[in-house]
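[1] any chance you could fold what I've pasted below:
(2 chains)
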Amino acid sequence: MNTEAYESRKADDNLRLLSSVALEFAPFSKNSLCTDTIDHAITAQPKLNNSVNGCDNFIMPAQDLPQINEQQECLDDTLVRDDVSPVFENAENTTVCTDEDGGLTNQAFLCEDDMSTPRPHKLNFTCAHPQSCTKCGNGQFAQKLSTNDEMKTSENVLVKPAEVIEHEVIIVDNKHGSSSAPGRALRKLDPRKLNLTLDLFSSRNKKKDRNKSGSSSNANSLSPKTTSPFHSNSTTLSTDSTSSTAKKDLNTTVTSTSSLSNNQSSRTIVAQEQNCIKIIERPSSPKKSWLLRLFESQVFDMSIALQYLFNSKEPGVMAYLGNKLFMFPNSDVDFYLPELLVMYIHMDHNMREAIHPYVVARCRESVDFSLSCAWLLGGYAASFGKSSKRLTRAQKLRNLILSGDLNGQSSKRGKDKAPYAVASLPPKTSSPNLCRVGSGVDESYAHRHKRKTHKRSKSDVMSGNNGTDFGYKHTRAGSEWDLSTGHAFESADHASLADRLRPEREFIKVLMQLGKRLATQPTKEAKTHRLVAELQLLNLNLPARVWLPFHDSQHHVVRVPPSAGVVLNSKDKAPYLICVEVLICKNKETDEVPAKLLESSLRLAFSEEDLKSDVTPPLPSDEAHVNHVNGSARKLSLNAGMTVTALSSHLSEQKLNEEEKTGVTVVDSDATETYPEVNNHSQNGSEGQEMVVEDDEWSQSDINDLQQLESPTQLSHDMQSGCSNIHPHLNAESSSDSVSVSRMSVLSLDSIISGDAVSIDSHEVYFAAGDIRRKLTERVNGHLSSGFKHDPEDPSAAALKEPWEEKVRRIRESSPYGHLPNWKLVTAIVKCGDDLRQEMLAYQMLEQLNQIWKQERVQLWLRPYEIIVTSMDSGIIEPVVNAVSLHQVKKNSQCSLLNYFYQEYGGPNSEEFLTAQRNFVESSAAYSLICYLLQVKDRHNGNILLDSEGHIIHIDFGYFLSSSPKSLGFESSPFKLTQEFVEVMGGLKGDMFEYYKILMLQGLVSARKHMDRIVQLVDIMSAGPYLACLHGVSTVRALRERFHLSLTEDQLHELVENMVEGSMRSWTTKLYDNFQYLTNGIL
Amino acid sequence: MLRRGSEGKKPLKEKVLLLYDAIFKGEDVALENPNFWDEFFLLKVNADYLEKKFEAVTVKELVHYKEDLNLFFCKCSEYILSDHLIRMINATQTLICLFQVVLSHDNGDQSFETIDFLFGFNSADLQMQLLLRALTAILTNNPLTPVMDEDEDDERNYPPILKSLVFQLLLSIISGCDSINENPLLEYVMVEAEQIEDALIEILADPVERSRHGTHVLLTLTLLVNYCKYESMNPYIMKLSVLDNELALNGLASVISSCLSSFNRQFVSKQEETKSSGLFSTITNMVGSMFIGDSDEQKQLIKSNEAVLLALYEAVHLNRNFISVLTHSHPDTLIGTPPVTPKAGDGAGKLSTPNTPTADPTLYVGSTNNVLCTFIEYTSVIMQDTKVKQNVSSAKLCFLILTCITEDQFANSFLHDDNMIFHIQLHRMPMRHRKLSSGDDARSRPLACWLFDLCSEFLLTHMMKDFPFMQHMRCIGIIHRLMCYQKKFHIRLQYHWKGLWTALLTFAKFVLSNESSFIARWKNGVFVLLTQVVNLFNMFITFGDTFLPSPTSYDELYYEIVRMSQLFDTLHSIVMRYINHAEYKDFSTRLNNALVNIRAIIHHFRPKIDKYSKDNNIATLTEEEVLGVVRDNYDSLTLRLQDNLDHYERYSERPKEGTFFSDLVRSVVQGYRKSFVFDHIDLQKYSNIS
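    Residues are numbered from 1 along each chain as shown, chains lettered A, B, ... in the order given. Predicted coordinates:
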């Protein structure tokens, strides 16, 4: 290996790995069981050996082997190894790599150790080409290392990954003393450039930095077999294993490089006696090198990786790609999660081995990932027969994720792994009960809770803070009983993964069950009613550490405004839309859950109107006014009176005195928080000073709140006389202070002010009856045009039509949490009884197309909406805001689509209309293409939305690809293009219609260019569980054909013309609309 | 020595009776037998005997027993927190007896003596404090002194029976005197307010406990809140008014709602019974017998519900947080049958197997009701018959509650929320001259609509000689409050206003036709009432643009007014008659002012309509034609803006309703005492629980 090689590569692609050399240390000596694995490793090599940049390097992800071992165990339970550690010690000690010279061609690999006798310190390692190593790092260190130095070097290299993981590394120092200069130099090396292994580690470690929990276990999972020889010295086994793995990797690199350089053309397995040390290598054929090159090139992305992963039959490639997954951004991989899991369940053993580590690692670090995995797996699991092997596989992985054993994963395995069980616990979460197996955990768990029950503190009860009371949470989850305790979404502690998952799982479960219960309600009204009721119940349990599991859901749900919930149109199911108030936080898992605020504590929403009264001097005190002032005086006098008796002017003293003398605490600590104004007043009152509400925050609205408190104080009759001296103050202040502006006078003032036409100056004010009626007409009409009428049969229409911003504002105003800066409103459609996996697939394809078109800069507009599958027959859909269905548009506007456009956006030449029209065309073209490519069916007007900007958006992909509703064979046209649509586009002859067709052509051409990205999704999914849309063998082929690879652009142009023509002419579209009208009443 | 077998043997005097005698002999029983009390409290209480024993003695003789009583009492409260369940039960029951006996025994102003008899003056403070602390400790499952080891943690949950006995004890302390304010013991309960209130709230917040003891908690809380309501600082009032534990508030609502809804159910089933018994009997019986024939039971229920209503009133009136739980629904099944005590262990067991399918939680959960809907339905029943005195006060309370609710802005916001639609079964009095069901009854509508319906129903059905004047005032007040809110926030309720207008006009007509007798009786009140009614119309006329649902409804309003012009003419003439009357001058002037706009409308449109009919030669115009005329002639009509139309006097309990509430509390207390039954508990069941 030479410098140039590294240098050139660096220049070439500094993001990619340097090609590395993989040396397989088969860490199993006497164990015949290992052979299987080793074979994998061997077969893996040819794929991965690639010569890059003329440097014949050998690549083999060093983790592969350990992973494979682990997987074999985890998954199939077939391998049982008894003694592990000795093997590793051996393995460690056998590593000897020498480098004769730094040259490219004459490196030699030597193993000179006697493996049979473990000698921990006799690690004889020669870096094959330290110069090159260092040069690739910083190019300033070149030194031939003595054996001893080399050893240090190697270990310092190892320190690097360990450090990244941020764990103490004691190993090296303990064993070999402090590192020398070469070590330091090497430390500066970019691990990515050192070799693949390091790269993998570092990339993974970066992730870990983001999410520290369970970080070390990550490394563990990758190499559970590589028990460190330094076991006794290390504090953390995971660190050990990491480093040991890395160490071997380095060795591997060195050795295989040398062997490559020797131009060995055949596979070389160096086995040292019974220790089975194998150095595997293969000459790289040109083809394979191309493959690796691809893998390492910049264009290599998740989509390609997936494709190769799916198509490859080579375990090595799979394993490589499996590791490669770690390098992609999480979001990229998340996008393909369904595919990964389908492959995991449905493909062969090797595939599982390749994917498993990634899944497990991600599950550990991310609750979201765990949840989506668990839900998806649950969904897939349900679709198998009972005894299916796949079921068990899916089930097993799901259990692994949900049971919380992921942390102490191997503890489940049995006693033979006992040392592991302990060791693999990440230091952070090593609470004792995690180690316990199964029931043991639960026992301790239950025990803890029983005790908790009796130690409920009263302050909890008083403050209504449900954050700390665990007394009831193990009552039946999801039942109404549970919800009514107000503690449904609490978790005991956040140590174990299962506990961290619990609240969110419960939350989703509750939402789903709500949907199921709704379905039992006979009428839409009953459903709406029920929904409101259930959401109120749900609210009792919020805020909690739960969230809506869409993308980037760093928030806590604090409230679900009950009256914003809407039951959507559906015949027998009851999908519903909820608005969820959330508070954004940095990290939903660790941040404090916000405290409960009561609905009645919200500031009055309409305080502006109240403020008006502040400006105007209050009316001459009429009787009621005086009454009111007295009322508030009385209210305040309560506190004042008490303090009069207490004879203290300081608040604190006063409180003390209250307790002492009257034996009564007026305001307990909770109340102090909630009603600070009470104290304010009492303080002021006691001082006999003016009553001034100093704080803006506690102004009018709060005083109004306070009025509710008036009654208790009214009762203190005797007190009143006692503090009558305060009354004058109050009355004096009343004119300047909003406190005493009574609600009544506010009302009357307001009425006059808002009575538009009149002034308040004269007492004899006249108005015309005609004006009133005109205003009424205007207002009613104004109201109607901006929204749809509320119709109890279709409550969603009005709710969806309301502009989103307005809705947010409205809810924010009426929410006790609305004043918080991090308040946000999110919506979700909860659907149960429907299999959303197809929708999910559709979402993926739409998203892909969207990206393709964006990338190719085609002006097509589409709006993929996110889908979360929570089980086989339920899920959550991201609603498209500001959009109503064409059906609702037609029903409410009672006019043609074009006229509706005029009505909404203005005349045919207005700016707004033209923009809307353009939007309509661009979205229509996109969805026409999609409908054609994906053969989306069931295109009635209830499934097509129109948003406030004029875009159309297709929803409901229940029927696409090879499935169509009831197989009636309706809708034979390529897509839905009705006369009305064409009208909006300006007619057949119009420019916009031409534009429409051009857009379609452009879209088709660019989609064709990237068709693989779409086809592969279908391809992979059809390997998975049965989906109606993937029925039949020819689905994928038919899809591929629809991209018309063979056609020239001119021919495509013709095709588009024909399709548009055909769709317009299509009588089936009309027929289907009529059919829908007859059967479902959809216009 | 003392063995269980010895009790209950017929020929012999029951052991416990002997012991009672021994206690009151003035000897130190513990001298003979150091375990005396230990054993004594293992014996079943005989309340009758104790009662008899004290009935026999006069107040003066009682003085002799003082020492013994003190000791006895002291021992009882000591054993309430013993480590043996049977002893605890017996001690509690004995105390219940003692309190009842002693409290009922003395009459008049001997409150201090009562205390003296029970605990002795010197130690009274301490004794009561200890006792009350012990009681709260039981209620909260929170022993004062940890006697058991951690292992037996589970047993710490006191059984429900003990808790309900504790409530009985608390209630017998509270309800010792007819007049709650004169109860000397309550001062002590006030001192311990902190703990007791916390315990009550904790129980309310817990669904299981609530379902067991909810009604007791309710009663206790209500009575405590009403102690010396106007005279002194009542800590319970303070605490209830700042209570912000949503779970507890929800629990409170749930208890109230379940009580009221059980009454509603019973009413419905009774009605159906009557109906099914044949058409003839229906016609003959229905009106008359509904409350007279089988009313005993119902009366009883109404009486017992007084406490519930009172609780609702206090909650609504005192605590503004409570408003937000008014519409929370409470599944019926949930309240009816508490689940088998969900123990922590069960849940944990479930947790270990996340994949095992749990029992289907989507099981149909019966109908749900919320406290407000149930309450409105209840009101519709209660207000039907105002002959029975019981109903009068209940109905009055119901209207007071509605007044409070409609005054609250937050409550109004959900009363008018289009998304919070409910269906309420309003029970209408069967009347010969009208059909029972109207179309709107079947639909779910916002609650405000139901309130309007309820009010117009009341107005229409209570036009009687025995005129419930104040109720009518309240009823119109409720309508007014709702309208004020709608006007202020521009809420266009999709309500069929015509029904309300007709009701109001019919009502006014009735008042006018009985004008002389009513004025003789209520003096100025009649004018106030009529002014109110007229002002409602003024609101529609003046501010109709802000809350009427459609322009046509404004036309219809004018149509109705013009149609009933006769009525307003009569009204005007009456006003004119009284306007110079010294006594009625002010109020009739006010009414006269209020009438200005309506008279203007009538004077404006009547000639126009007459002209139209003359022009077109139509004798009687159809509604459409009249509406057309109205529509065409708005512009030439000028009206005067009146002040303070959307102005109402806020409800205040004092001084107006003070006596009503003290009477009500008295009746509740008496009701409780009357219904109190001494529990004979089968101790055998608990003998194995230690």
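[2] can you tell me the closest non-neighbouring residue to B:R673?
    Of all residues not flanking B:R673 in the chain, B:S175 sits nearest, at 5.4 Å (Cβ to Cβ, 6 or more residues apart in numbering or on different chains). In this view, the C-beta of every residue, glycine as well, is placed from N, C-alpha and C.
[3] phi first, then psi, for A:E581.
    phi -90, psi 130 (degrees, to the nearest 10).
[4] for the closest residue to it other than its chain neighbours, give its distance to B:N370.
    Among residues not flanking A:E581 along the chain, A:R559 sits closest, at 4.4 Å (Cβ to Cβ, 6+ apart). Distance, A:R559 to B:N370, using Cβ to Cβ, to the nearest Å: 18 Å.
[5] what is the neighbour count of A:L820?
    Counted with other Cβ atoms under 10 Å in any protein chain shown, residues neighbouring A:L820 total 16.
[6] wait, a strand at it?
    No: using DSSP: H, G, I helix; E, B strand; the rest coil, the secondary structure at A:L820 is coil, not a strand.
[7] got the residue ranges for the strands in the stretch 751-900 of chain A?
    A:765-768, A:823-832, A:867-871, A:874-877, A:883-885 (DSSP state E, counting those that start in this stretch).
[8] looking at those strands, which is buried most?
    strand A:874-877 (a mean of 25; mean count of other Cβ atoms under 10 Å in any protein chain shown).
[9] can you tell if that strand touches chain B?
    No: Strand A:874-877 does not reach chain B (Cβ under 8 Å from any Cβ of the partner chain); its nearest approach is 11.3 Å.
[10] counting by contacts, list what that strand packs against.
    helix A:497-519, strand A:823-832, helix A:837-855, strand A:867-871 (3 or more Cβ pairs under 8 Å, 6 or more residues apart in numbering or on different chains; DSSP states H and E).
[11] residues making contact with it?
    Contacting residues not belonging to strand A:874-877 are listed as A:508, A:511-512, A:515, A:548-550, A:575, A:828-834, A:836, A:839-840, A:865-870 [Cβ atoms under 8 Å, 6 or more residues apart in numbering or on different chains].
[12] alpha carbons of it, as PDB, please.
    The C-alpha trace of strand A:874-877 is given here as PDB (Å, rounded to 0.1, in the frame of the first residue of the first chain):
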ATOM      1  CA  SER A 874     -55.200   0.800  11.600                       C
ATOM      2  CA  GLY A 875     -53.000   3.800  11.200                       C
ATOM      3  CA  ILE A 876     -52.600   7.500  11.300                       C
ATOM      4  CA  ILE A 877     -52.800   9.700   8.200                       C
END
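[13] now do the SS call for B:D466.
    B:D466, by the three-state scheme (three-state DSSP), is coil.
[14] below-threshold pLDDT in the chain: ranges please.
    I'll assume chain A. A:1-288, A:381-388, A:404-482, A:484, A:491-496, A:571, A:599-763, A:782-793, A:795, A:965-971 (pLDDT under 70).
[15] oops, wrong one, chain B.
    For chain B, the stretches flagged by pLDDT under 70 are B:1-13, B:26-30, B:58-60, B:105-113, B:143-156, B:275-297, B:330-368, B:431-442, B:684-690.
[16] in the stretch 901-1050 of chain A, which spans are strands?
    A:944-947, A:952-954.
[17] between these, which one is closest to chain B.
    Checking the strands of the stretch 901-1050 of chain A against chain B by Cβ to the nearest Cβ gives strand A:944-947 as the closest, at 21.3 Å.
[18] need the contact partners of that closest one.
    By Cβ under 8 Å, 6+ apart, strand A:944-947 touches A:863, A:880, A:882-886, A:889, A:952-955, A:976.
[19] check stretch B:678-685 too.
    Residues contacting stretch B:678-685 (Cβ under 8 Å, 6+ apart): B:44, B:47, B:86, B:89-90, B:93, B:96-97, B:161, B:164-165, B:168.
[20] so of the residues you listed, which ones are in strands?
    In this view, the contacts of stretch B:678-685 have no member that belongs to strands under DSSP state E.
[21] of all the residues you listed, which comes closest to B:E625?
    B:S164 (69.7 Å; Cβ to Cβ).
[22] for burial, what's the neighbour tally of the closest one?
    So B:S164, with other Cβ under 10 Å, has 16 neighbours.
[23] okay, the nearest residue to it once chain neighbours are set aside and B:A205: tell me how far apart.
    Closest residue in space to B:S164, ignoring its immediate chain neighbours: B:H213 at 6.1 Å, by Cβ to Cβ, 6+ apart. Separation of B:H213 from B:A205 (Cβ to Cβ): 12 Å.
[24] and if you look at A:S796?
    Taken as Cβ to Cβ, the span from A:S796 to B:A205 is 35 Å.
[25] who has more neighbours, those two?
    Neighbour count, other Cβ under 10 Å: between A:S796 and B:A205, B:A205 has more, with 29 against 23.
[26] need the contact list for that one.
    B:A205 makes contact with A:461, A:486, B:245, B:247-248, B:250-251, according to Cβ under 8 Å, 6+ apart.
[27] quick one: which of those residues sit in helices?
    Among the contacts of B:A205, the members falling in helices (DSSP state H) are A:461, B:247-248, B:250-251.
[28] what is the burial count for the residue nearest to A:I811 when sequence neighbours are not counted?
    The shortest distance from A:I811 to any non-neighbouring residue, by Cβ to Cβ, 6+ apart, is to A:P561 (5.4 Å). Number of residues near A:P561 (other Cβ under 10 Å) recorded here: 23.
[29] ok, A:P561 touching A:L542?
    No: A:P561 lies out of contact with A:L542 (Cβ atoms under 8 Å); the separation is 10.9 Å.
[30] okay, and the beta partners of the residue lying closest to A:R837 once chain neighbours are set aside?
    In space, and not counting its chain neighbours, A:R837 is closest to A:V869: 5.5 Å by Cβ to Cβ, 6+ apart. Beta bridges link A:V869 to A:G875, judged by DSSP bridges.
[31] ok, A:V869 - contacts?
    Shown in contact with A:V869 (Cβ under 8 Å, 6+ apart): A:338, A:375-376, A:379, A:836-837, A:840, A:875.
[32] on that earlier part again, redo the contacts of stretch B:678-685 as TSV? Include distance to A:L849.
    Converted to TSV, the contacts of stretch B:678-685 look like this (distance: Cβ to Cβ, whole Å):
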residue	distance to A:L849
B:K44	82
B:A47	83
B:I86	77
B:I89	75
B:N90	80
B:Q93	78
B:I96	78
B:C97	83
B:I161	69
B:S164	67
B:L165	72
B:Q168	73
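[33] got a PyMOL select line for the buried ones in these?
    Buried residues among these (16 or more other Cβ atoms under 10 Å in any protein chain shown), as a PyMOL selection:
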select buried, chain B and resi 44+47+86+89+90+93+96+97+161+164+165+168
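[34] narrow the contacts of stretch B:678-685 to those in helices?
    Filtering those for helices - DSSP H - leaves B:47, B:86, B:89-90, B:93, B:96-97, B:161, B:164-165, B:168.
[35] show me where chain B has its strands.
    All strands of chain B, identified by DSSP E, fall at B:329-331, B:368-370, B:421-422, B:445-446, B:638-641.
[36] identify the residues contacting the third one?
    Contacts made with strand B:421-422 from outside it, assessed by Cβ under 8 Å, 6+ apart, are listed as A:525, A:528-529, A:792, B:370, B:373, B:444-447, B:450.
[37] and of these, the nearest to A:H356?
    A:T528 (46.1 Å).
[38] how much space between the spatially closest residue to A:F489 that is not a sequence neighbour and A:V580?
    Excluding the flanking residues, the one nearest A:F489 by Cβ to Cβ, 6+ apart is A:A544, at 3.6 Å. Counting by Cβ to Cβ, the gap from A:A544 to A:V580 is 12 Å.
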